[in-house]
Structure formats: structure tokens, C-alpha cells
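Participant: Sequence plus the predicted model coming up.
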Amino acid sequence: RATPRAVTGLRAIASMAGGYTHSAVLATDGTVYTWGSNYAGQVGDGLAADRLAPFAIPAFSGVAALSAGVFHTLALMNDGTVRAWGDGYSGQLGDGRTTPSPPTVLASGLTGATAVAAGAFFSMARTGDGSVWVWGGNSSGELGDGTTTLRGTPVKLSGLPVIASIAAAKSSSCTACAARGP
């Protein structure tokens, strides 16, 4: 489309995330809607058919924030856990698999998360103590752990000061540092 238009079926949107070929939005009532290409399960419905209109992921609530990678999506949950769905070939879902997911899987061993960031084929989370956890593809060192080893489950980065925010891009990650307050 050359001009913007409203996406029908959505109201009271709190936030949104855009992947390479899919979109996800979080409504103020906690409902997560997704649509777009679905070849790797990135719409979160457990099917492989594309969704041309918003689809509400059923029985999925308690979401605080979303972030979308190329073909996967992360959900920061209100309880501090992270759920993911879509392409997992590089381990970016965080549950140890290297295949696409069924609808929403839990990132293993990660609690107390306060922010998430999805890169192209990797994922990041920041926890309440300012720690950064990374997982997924790492062929260019994008996880920042000093290796190029794929990580199928979250690994805490060591040697960092307290981190205030995180961001992820195609093949790089960024952490912004801040001094810990009182």
C-alpha cells in the first residue's frame, strides 16, 4: 500500500511489534493479535497458513510487552518470564529447540525479566537487577558472550555494569549502561 490505512478488528492498542513478514500488537486488555506470513509459526496459531487479518492468540494473557525478530516474536509476561513463538532454527525461542515452535513456548530458566528485544535470529532480556540474558544465533558474535556459539537457552552475560536498556538489530545487540540508583 502506498498510503496508510487502519487495520480492522483492532481497538485500544497498547503497543506493537513488527517482524520481517508479520506483525504483533498488544491490546490494553492484554490480548495479543498477530497476522502476516506464518511459514515458521510466527503468527502463534500452531498452523503454517498465512493470516491476512489480525488473529487473537487464544488463552494467552498476562503480557506486558512484545518484540518481533525476523520470523519470531517475544512476549514479556507480567510475571517476569518470557514466552516466544515462530522460527526457532537458531535457538532464538529460548527453550532449547532449533525448530519452529508450537504456539508460545517458555524461555528456559529466565525469571525476573523487565524488558525483551528480538534481533533477526537471536533474543535478549534484561532482568530487574540490570543483568542481560541472551540466546539464539551467534555466528557473528551478536550475543556478546565472547563466542560464536549458538545458544538454545538464555545465558547471562557476565562482566557488564548495571544495564538500563537493551536493543537488538539484524546481527548486533546493544546494551545501554546506567549507574545503579539508591
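Facilitator: Looks like it arrived, so ask away. Residues are numbered from 1 along each chain as shown.

Participant: Please make it C-alpha for all contacts and neighbour counts, starting now.
Facilitator: OK.

Participant: Just the pLDDT for the residue nearest the centre of the chain.
Facilitator: The chain has Leu74 as the residue nearest its centroid, 2.2 Å off, counting by Cα atoms, centre = their mean. We have a pLDDT of 96 for Leu74.

Participant: what about it, which helix or strand?
Facilitator: Here Leu74, judged by DSSP states H and E, is contained in strand 72-77.

Participant: Can you name the secondary structure element that comes next after that strand?
Facilitator: From strand 72-77, the next helix or strand downstream (DSSP H and E) is strand 82-86.

Participant: pLDDT averaged over that next one, what's the number?
Facilitator: Mean per-residue pLDDT for strand 82-86: 95.

Participant: ok, and what's touching that strand?
Facilitator: Strand 82-86 has contacts (Cα atoms under 8 Å, 6 or more residues apart in numbering) with 38, 40-44, 71-77, 93-94, 100-107, 110-111, 113, 116.

Participant: List the buried residues of that strand.
Facilitator: Buried residues in strand 82-86, counted by 16 or more other Cα atoms under 10 Å: 82-86.

Participant: For Ala65, state which of those is nearest.
Facilitator: Val82 (9.8 Å; Cα to Cα).

Participant: and that closest one, how far is that from Gly112?
Facilitator: Using Cα to Cα, to the nearest Å, Val82 is found at 9 Å from Gly112.

Participant: now do Asp95
Facilitator: Asp95 sits 17 Å away from Gly112, going by Cα to Cα.

Participant: what about burial for the contacts of strand 82-86, which qualify?
Facilitator: 38, 40-44, 71-77, 93-94, 100-107, 110-111, 113, 116.

Participant: Next, format the buried residues of strand 82-86 as TSV and append distance to Ala2.
Facilitator: Listed next are these as TSV, based on distance: Cα to Cα, whole Å:
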residue	distance to Ala2
Val82	36
Arg83	34
Ala84	32
Trp85	30
Gly86	28
